[in-house]
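Q: Need coordinates for the following:
(chains A and B, ligands or ions: 2)
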Amino acid sequence: MDVKFAKPKSFYEIYERKPGANKEGIHYCPGCGHGIIHKMIAEAVQDLEIQDRTVVISPVGCSVFAYYYFDTGNIQSAHGRAPAVGTGVKRTHPDSIVISYQGDGDLAAIGTAEIVHAANRGEQMTVIFVNNAIYGMTGGQMAPTTLEGQRTTTTPYGRKKENEGQPVRVAELIDALEAPVYVERTTLSDVKGRTRTRKAIRKALKYQSENRGFSLVEVLSSCPTGWGVTPVDANQWIREKMEAVFPVGLLRDRAADIEARPLEPRPFVRENLHQLLEIPEPGTGDAQAAAAQGAGEMQHVDERYRNPRIKVAGFGGQGILFLGLGIASTGMELGYQVSWLPSYGPEMRGGTANCSVRVSSDLIGSPIVAETDILVAFNKPSLAKFEPDVRAGGVVFYDSSLIDASPQRDDIEAVSVPATQLADELGNTKAANMVMFGAIAEKTGLFSLEEVRQHLGGYIKKKKLIPLNERAIERGATYVREGA
Amino acid sequence: MARVILKGNDAVVRGAILAGCRVYFGYPITPASEIAETAAYYMPLVGGVFLQAESEVAAINMVYGAAGAGARAMTASSGPGISLKMEGVSYIAGAELPCVIVSIGRGGPGLGNIAPEQGDYHQVVWGGGHGNYRNIVLAPNSVQEMADHGILAFALADRYRNPVFILTDGAIGQMMEPVEFPETVVTPPEKEWAVGVGAARRPNLISSILLDPDELEAHVAKLEEKYTRIVEQEVRAEAYELEDAELVVVAFGIVSRVARSAIEVLRKEGCKVGMLRPITLWPFPEPQLRELAAQERVQRFLTIEMSNGQMVRDVRLAVEGRKPVEFYGRTGGNIPTEVELIEQIRCQTEA
Ligand SMILES: Cc1ncc(C[n+]2csc(CCOP(=O)(O)OP(=O)(O)O)c2C)c(N)n1
Ligand code: SF4
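A: Ligands and ions are numbered 1, 2, ... in the order given. Here you go, the predicted structure:
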């Protein structure tokens, strides 16, 4: 049979990886299609002169040992995952040639998601899909491509569409996607079919070597062992039964519409990496370090507000998390230890947001603020929810333009600031949070107004917004200072 | 150097990129999504690859392919997604590929919730996938450590050709703190065993299948040798106020932060309590715990976790019954408060 031809160079001379004494014969059963398809791939790899950059992904199935034979790079992958593994290889080495070799269980059952999405991305790889209508390796169980009525060890009474559904036509499925460049179904049942298969495999690999995109060749292939027939009868069965359900032929060849394109170079960037990552460059940061020296024990801050545990709470969209970030970021620039912990996820979708902020001259243990020194409340539910957590002697800032009640407790200090109204007067409701920041700074002395202003640029990315924020901070501070 | 304020989930990616990671595959899930988002933003700027995979199964298998092709590759997820990754992790461990997986714990089992939890300790530290393998597991408890571990993890992964997990919780992932990044920019080492392009790569095979029982046994033995080396060389832990401690708290991740605050308060009241914080969960700081257990002054251990009691088993194995090992845990995504821990720790001391 075919395997007796001269060995292509992209097969190993001797199959050293194969266990046992026979290092020259293949492990497949007599009449099995896998060996024939392997050989066609090896020939194409040789003829296209891509051997040195080819990586064959062996699937799980009878062809799990494809790496015994191919003198190329080899990766053995988990069941069904070859297209994902191939994606990893190809994205790492865009100049490699990736062959995802898969059986019907591998590709059309357990690996359905991986093949569909690799195809849909137009992943630059070649998929050789061996459809033998059965699970060969595990001993003849039903495959997604098993024909209706076909008996297998798990459909002992024949596959019934009511129970197992009908055979999956993979080539048609892939042809429904936009991205693939080439999809063809061929057969090994006769000489003509084999010639066609050889050409199809070659074409698919050629397209990959020209970076034209994703190709899939579905090959109708025999499994005499799984089917319990002779190799000759197997070919007849493919011809009569399989080809009736899986029509052979070209489904798509869009190569003409897609230019052969050179690879885009993707250099490994080392230069200016800190800058690209927006992290401080080596050798900067003296100002912060100096500030850290000066920050000391926060002696200049009234004892009540020293090393504060702050909770900021309100509706999503009020800039709650941002105000928290502003406080933390300013603290950091002044050399303090800081932490910021948000409420996250659906909690926020429900409309409320809060964050815990700590500013400390010592290392911060818990970033969670339960017992609160400074509560900043932007709506009524937040005031009601967090007021009980305020420590005796603590302070509550609340937006009196939105909250029509004042804090209930008499062992805490309440500072009412109509932040939203003041922000409206400045021309932008969204600045209410920064009005509050000004009020907090003025009242607690945690930061001076100048310090707050100076470090706005650290967390406000849109520089044109800085003047507005400066005015907001000023307004909040004035309100606290002058009561209006 | 200047500090920059970042989320844990963000810092780990920027650290990884400094460490030469240029390949990221992931699938969104709260509270880990910012890791993918940060990678999506920066990878294209640094000549890297970001790809949102169709599932966590696909993502980890893409990592398998990329790592097999010699890249420093990374993925991240949380609870349900980590479960799905376990297939790939076993293959990666079996094929001895280096990679980094970040697990940002959330409440479980099942869909559970998205609040921070540590209930994936068993899954990540003790295995989770099939077969005889171990993951190196780092447990950062600050944003600074998220950045540092993003770098360290790749060094360990390559040194041992082993998957490395960064296991933490939603709180550490979501919180912001100042971070300092090192000057060093790493170019990943050439991996002569990887598949790729060029005749020299052709003989390379990435695989975890060994049909012959003796061969597989030899492979497992080789892995065990490696694991022994890791146990000997890579244990990391932080001792806090342990010099004279009579009660030893054991905690990691966000819990260790709250415990630290609680211990600060208790120390001021004269309570002789300290903490051993595992920084590597595997290898587990057994030597440190064993030594503490041997100290006469140490009366008991208290393991505090945000789980139903998973790490406590490792603590008990290390203590070997020499001293009582108590457990206090919260689940559901609840973070114990400082006050709560002060109460727990004190009552343990007085008992
Ligand atoms: C996750 C997983 N599930 C199941 C198996 C068992 N298994 C091995 S091969 C195989 C079927 C392979 O059939 P197919 O893809 O059609 O390839 P063939 O053997 O017919 O070439 C199965 C189910 C496995 N290895 N891994
Ligand atoms: S069982 Fe079938 S698919 Fe497997 S080697 Fe034998 S003939 Fe080929």
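Q: and A:Val229, what does it touch?
A: A:Trp237 (Cβ atoms under 8 Å, 6 or more residues apart in numbering or on different chains). Bear in mind the C-beta positions are built from the backbone N, C-alpha and C, glycine included.
Q: secondary structure element for it?
A: Using DSSP states H and E, A:Val229 falls within no helix or strand.
Q: Low-confidence bits of the stretch 251-400 of chain A, can you list those?
A: A:286-295, A:345-350 (pLDDT under 70).
Q: Closest residue of it to ligand 1?
A: A:Leu251 (21.0 Å; Cβ to the nearest ligand atom).
Q: Doesn't that residue belong to a strand?
A: Yes. Counting by DSSP: H, G, I helix; E, B strand; the rest coil, A:Leu251 is part of a strand.
Q: Strands of the stretch 201-350 of chain A, start to end?
A: For the stretch 201-350 of chain A, applying DSSP state E, counting those that start in this stretch gives strands covering A:215-220, A:249-253, A:309-315, A:337-342.
Q: Please name whichever of those is nearest to chain B.
A: strand A:337-342 (4.0 Å; Cβ to the nearest Cβ).
Q: and the angle for that closest one with strand A:309-315?
A: Counting by axes from the mean of the first three to the mean of the last three Cα atoms, to 10 degrees, strand A:337-342 points 30 degrees away from the direction of strand A:309-315.
Q: any residue of strand A:337-342 up close to chain B?
A: Yes. Residues of strand A:337-342 contacting chain B under Cβ under 8 Å from any Cβ of the partner chain: A:Gln337, A:Val338, A:Ser339, A:Trp340, A:Leu341, A:Pro342.
Q: outside of that strand, which residues touch it?
A: The contact list for strand A:337-342 (Cβ under 8 Å, 6+ apart) reads A:321, A:324-325, A:327-329, A:331-332, A:348, A:353-364, A:367-369, B:5, B:171, B:174-178.
Q: what does the stretch 201-350 of chain B have sitting close to ligand 1?
A: Within the stretch 201-350 of chain B, no position lies close to ligand 1 (Cβ under 6 Å from any ligand atom).
Q: Leaving out sequence neighbours, find the closest residue to the residue of the stretch 201-350 of chain B found nearest ligand 2.
A: Per Cβ to the nearest ligand atom, B:Leu211 is where the stretch 201-350 of chain B lies closest to ligand 2, at 14.5 Å. Sequence neighbours aside, A:Pro19 is the residue nearest to B:Leu211 in space, at 6.6 Å (criterion: Cβ to Cβ, 6 or more residues apart in numbering or on different chains).
Q: Could you report the neighbour count for that neighbour?
A: For A:Pro19, the neighbour count with other Cβ atoms under 10 Å in any protein chain shown is 14.
Q: Which secondary structure state does B:Ala76 sit in?
A: Three-state call for B:Ala76 (three-state DSSP): strand.
Q: the domain parsing of the chain - what is it?
A: You didn't say which chain, so I picked chain A. Domain assignment for chain A, taken from automatic domain parsing, gives A:34-257, A:280-482.
Q: try chain B instead
A: Split by automatic domain parsing, chain B gives B:4-233, B:237-350.
Q: Just say which of those is most tucked in.
A: Scoring the domains of chain B by mean neighbour count under mean count of other Cβ atoms under 10 Å in any protein chain shown gives domain B:4-233 as the most buried, with a mean of 22.
Q: pretty sure A:Ala44 contacts A:Ala200?
A: No. Judged on Cβ atoms under 8 Å, A:Ala44 makes no contact with A:Ala200 at a distance of 9.7 Å.
Q: quick one on the thing from earlier: most tightly packed of the strands of the stretch 201-350 of chain A?
A: strand A:215-220 (a mean of 28).
Q: Leaving out chain neighbours, which residue sits closest to residue 267?
A: I went with chain A, as the question did not name one. Nearest to A:Pro267 is B:Gly47, by Cβ to Cβ, 6+ apart, at 5.1 Å.
Q: that's the wrong chain, I wanted chain B
A: B:Glu241 (6.1 Å).
Q: Looking at the domains of chain A, spot the one closest to B:Ala93.
A: domain A:34-257 (12.4 Å; Cβ to Cβ).
Q: Can you pull the residues of the stretch 351-484 of chain A lying near ligand 1?
A: Counting by Cβ under 6 Å from any ligand atom, the stretch 351-484 of chain A has no residue next to ligand 1.
Q: Tell me where the stretch 351-484 of chain A has helices.
A: Using DSSP state H, counting those that start in this stretch, the helices of the stretch 351-484 of chain A run over A:380-386, A:419-426, A:432-444, A:449-454, A:466-482.
Q: Next: chain B.
A: Here chain B has its helices, by DSSP state H, at B:8-18, B:33-42, B:56-68, B:79-94, B:121-125, B:143-160, B:170-174, B:213-233, B:253-268, B:286-294, B:311-319, B:338-350.
Q: Relative to ligand 1, which residue of the stretch 151-300 of chain A is the closest?
A: A:Cys223 (6.0 Å).
Q: give the contact list for that residue.
A: Applying Cβ under 8 Å, 6+ apart, the residues contacting A:Cys223 are A:Cys29, A:Cys32, A:Gly33, A:Cys62, A:Asn132, A:Ala133, A:Ile134, A:Gly136, A:Gly140, A:Ala234.
Q: and the gap between the fifth one and ligand 2?
A: If I follow you right, that is A:Asn132. Using Cβ to the nearest ligand atom, to the nearest Å, we find A:Asn132 at a distance of 6 Å from ligand 2.
Q: ok, now the first one?
A: If you measure A:Cys29 against ligand 2 using Cβ to the nearest ligand atom, the figure is 3 Å.
Q: burial of A:Val85, as a residue count?
A: 34.
Q: if we can go back for a sec, which one of the domains of chain A has the lowest average pLDDT?
A: Across these, domain A:280-482 has the smallest mean pLDDT, namely a mean of 92.
Q: Chain A contacts on the stretch 151-300 of chain B?
A: Residues of the stretch 151-300 of chain B lying close to chain A (Cβ under 8 Å from any Cβ) are B:170-171, B:174-181, B:183, B:185, B:187, B:195-199, B:201-202, B:204-209, B:211-212, B:254, B:257-264.
Q: Which residues are in contact with residue 84?
A: Since no chain was named, I'll use chain A. A:Ser77, A:Glu114, A:Ala118, B:Ala53, B:Val57, B:Ala58, B:Ala59, B:Asn61, B:Met62, B:Tyr64, B:Gly65.
Q: Let me rephrase: I mean chain B.
A: B:Ser55, B:Glu56, B:Val57, B:Ile60, B:Ser77.
Q: Who are the contact partners of residue 220?
A: You didn't say which chain, so I picked chain A. By Cβ under 8 Å, 6+ apart, the residues touching A:Leu220 are A:131-132, A:185-189, A:193, A:238, A:242-243, A:246, A:248.
Q: looking at chain B here, not the other one
A: B:Asn132.
Q: B:Ala93 versus that one, what's the distance?
A: Counting by Cβ to Cβ, to the nearest Å, the separation of B:Val220 from B:Ala93 is 11 Å.
Q: Next one, pLDDT for B:Gly127 please.
A: Reported pLDDT for B:Gly127: 85.
Q: Can you tell me how far it is from B:Tyr121?
A: 11 Å.
Q: Chain neighbours aside, what residue packs nearest to A:Leu375?
A: A:Val396 (4.6 Å).
Q: Repeat that for A:Gly80.
A: A:Gly111 (2.5 Å).
Q: for the one you found, what are its contacts?
A: A:Pro59, A:His79, A:Gly80, A:Arg81, A:Ala82, A:Pro83, A:Gln102 are the contacts of A:Gly111 under Cβ under 8 Å, 6+ apart.
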